[in-house]
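Participant: Here is a sequence together with a model predicted from it:
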Amino acid sequence: MSLKWRVVASLLIVFHLFAVGNCVLAAPSGPWATAEGQSVFTPPQFAFDFNNLVGPYLWALKLTHQRYVSNRPNLPGVAFEAKLFDSNGREISAMRFPDPDANIWVHYRQENLARWLADDQPVIPPMVEVIPAPAAAAPAVAIWQRRPGGHPGEPLKLNSVPLHLVPRDRPVYRPSPWSLLMARAYGRYLARAHGAEYAELTRYTQESIPPAVLFSDRPRSGPEVMAAEFGRSPQ
Amino acid sequence: MNDISWARRIVSAWSEFWFRPANPLALDIVRVAAGVAALAWLGAMAAHVDAFFGLNGWFDRQAYVDAAQALQGTPRPFGWSLLYLIGDRPEVLRGAYFLAMFVVLLFTLGVLPRVSSVGTWLAIASFGANPASEADDLVVLNMLSLYLVVGYFFCRPAGQASLIRRLIGPLLAWPWPTQSRDQPSVGANLGMRLAQVHFAIIVVTSGLQKLQFGDWWAGVALWYPLHRPLETSIDQAFAHAGDAQQYLRFLSVSAYLILAWQLAFPTFAWRRSMQWLLFVGAVAGGAGLIWLYRMPVLAMSFFAACLTYVPSDAWSKLAALRGRRAALASQQVVGENSIGTPEVNRRQKRQRDRGRTA
């Protein structure tokens, strides 16, 4: 290999590996503990800028992966159940994912499908009163709520609430737009694949049992399994 | 003067690391390992082709349209995929799936590796692009298949090859051939080196990411995959209450060994004398990835990536043990792939020069 080609190849190698290493730096880091609680920090500006520059190159090579979800311990467990209904509203089938009978390869992917549904985001009520334009509806947000007077074990439902009526006396959460999009897509697919008119998805989440349980009196039960209904997804 | 000498040594070490011609044997063995991982992954999804890869599956065409309209909701931009060209025709998708399986099989067997490696990379990239099938576990496999493309692209066929042969590369590249197949090649070395450095970046940054979580510092990170929510009852979790301290001591030592292995990876991965540590970690890590994290593709590709650190001459010696020393002796380059001290490198160079003179 001639010196000229070695120089050219060396420059390409340095560029490529720098782009790969920089891609990791260009991801937000955290959550870190701060005085205000947990917070995710933005990437360093130089890494962010360079990553924007070389993004298409890494995207073409499929080398844009930045963080491993499996590195994060203590993620809640997530599963979902789909109930399928015919045009008369009769339930024709129900299935749960991840399917306990699926092989390990498929089971892992179904776990990932379920995980997309658990990306809830806090809803911060506005500090000022939002006044809609004349003849316009007040801006609304879909939040997880139990029906009024419902007991604590009852499934959460997705309710559209005017922004100024978002409860201020407790933390309020909503599914991320991506979770909603995925839930609708899963419902459409299952209804289509099984000849149903529509599907209803219910997500089940449970926090991990902490290791500290080993040093306490035996609790009567583990953390509560939370059910949340995404509602109807037509075919 | 001293500075110039240092600069020369750095340039020489750089050149030695990246551009020394190497026996393609290591490339072939990593190819088989990566090919088996890709075949296993694709094969296991055979009954779910439409669901995970098609535009009528879990993530359908409408979902792409919706995501495009609300881009702030997408966690990251979608990757490209050749499967998008198929649209929502399930029979064509299944044809593409079996074609991909066939190409990956050819690649694993070493048939036309320069061509089949490109096909395998395209297959892994395309079948892993759907957000419903995209996951952490394909990252290493995708990286390996990409660098195997680079390795085979720059591998030169042995002897006076015809133009077509030079274009398509070797016809068959099964490890441990009965006679000399390819010349030692810069490409074979370059492909393996890129895979080595990239894998080291993945291992170290993944270790650094673990340090962002208090559970890793507390040494209880492995508790969670062992006691998965929705699968573990309070009785199962409480079963170790009797020997809690011993149990947590074992888990915390294991967690810290994982962190130490990952963060110190570049200090031992290239040292021959410490490759036992590389493979102890590869085997233990692979077992953990399957048993604890249920990620068999990552486990297999993780092991394949660790194989890239084995120097070609070590494989050649293994081949010689199988009675084929004569076939490989002409290709053997002593000490290639290892980062030696300057003294060792100079001694090896003198030995080679003496060989040439003789």
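Facilitator: Yep, that arrived.

Participant: C-alpha from now on. contacts and neighbour counts both.
Facilitator: Fine.

Participant: For residue 222, grab the count of nearby residues.
Facilitator: You didn't pick a chain, so chain A it is. Residues lying near A:Gly222 (other CA atoms under 10 Å in any protein chain shown) number 20.

Participant: my question was about chain B
Facilitator: Neighbours around B:Leu222, by other CA under 10 Å: 20.

Participant: Touching, it and B:Ala255? I think so.
Facilitator: Yes: using CA atoms under 8 Å, B:Leu222 is in contact with B:Ala255, at 6.6 Å.

Participant: where does B:Asp88 fall, phi/psi-wise?
Facilitator: phi -110, psi 50 (degrees, to the nearest 10).

Participant: Over to A:Pro43?
Facilitator: phi -70, psi 160.

Participant: residues contacting it?
Facilitator: A:Leu25, A:Ala26, A:Ala27, A:Pro28, A:Ser29 (CA atoms under 8 Å, 6 or more residues apart in numbering or on different chains).

Participant: Report how many residues lie close to A:Val123.
Facilitator: Other residues close to A:Val123 by other CA under 10 Å number 19.

Participant: Which pLDDT does the model give it?
Facilitator: A:Val123 carries a pLDDT score of 89 in this model.

Participant: mind listing the helices in chain A by residue range?
Facilitator: A:3-25, A:45-61, A:104-116, A:177-193 (DSSP state H).

Participant: now do the stretch 151-300 of chain B
Facilitator: For the stretch 151-300 of chain B, applying DSSP state H, counting those that start in this stretch gives helices covering B:163-168, B:186-210, B:214-217, B:223-226, B:234-238, B:244-263, B:265-268, B:275-291, B:296-307.

Participant: and the contacts of A:Pro43, which are buried?
Facilitator: A:Leu25, A:Ala26, A:Ala27, A:Ser29 (16 or more other CA atoms under 10 Å in any protein chain shown).

Participant: Dead centre of chain B: give me the residue that sits there.
Facilitator: Geometric centre of chain B, nearest residue: B:Ala305, 3.3 Å, by CA atoms, centre = their mean.

Participant: correct me, but that one touches B:Ser145?
Facilitator: No: here B:Ala305 does not reach B:Ser145: they are 10.3 Å apart, not a contact under CA under 8 Å.

Participant: circling back: among the helices of the stretch 151-300 of chain B, which is nearest B:Ser116?
Facilitator: Nearest to B:Ser116, of all those, is helix B:163-168, at 9.9 Å by CA to CA.

Participant: winner for burial among the helices of the stretch 151-300 of chain B?
Facilitator: Of the helices of the stretch 151-300 of chain B, the one with the most neighbours on average (mean count of other CA atoms under 10 Å in any protein chain shown) is helix B:296-307, at a mean of 25.

Participant: now that one, how far from the centre of its chain.
Facilitator: 6 Å (CA atoms, centre = their mean, to the nearest Å).

Participant: what do you get for stretch A:2-18?
Facilitator: 40 Å.

Participant: what about that stretch, average pLDDT?
Facilitator: Rounded mean pLDDT across stretch A:2-18 is 93.

Participant: With stretch A:60-71 instead?
Facilitator: 87.

Participant: Figure out the length between the terminal residues of that stretch.
Facilitator: One end of stretch A:60-71 sits 26 Å from the other (CA to CA, to the nearest Å).
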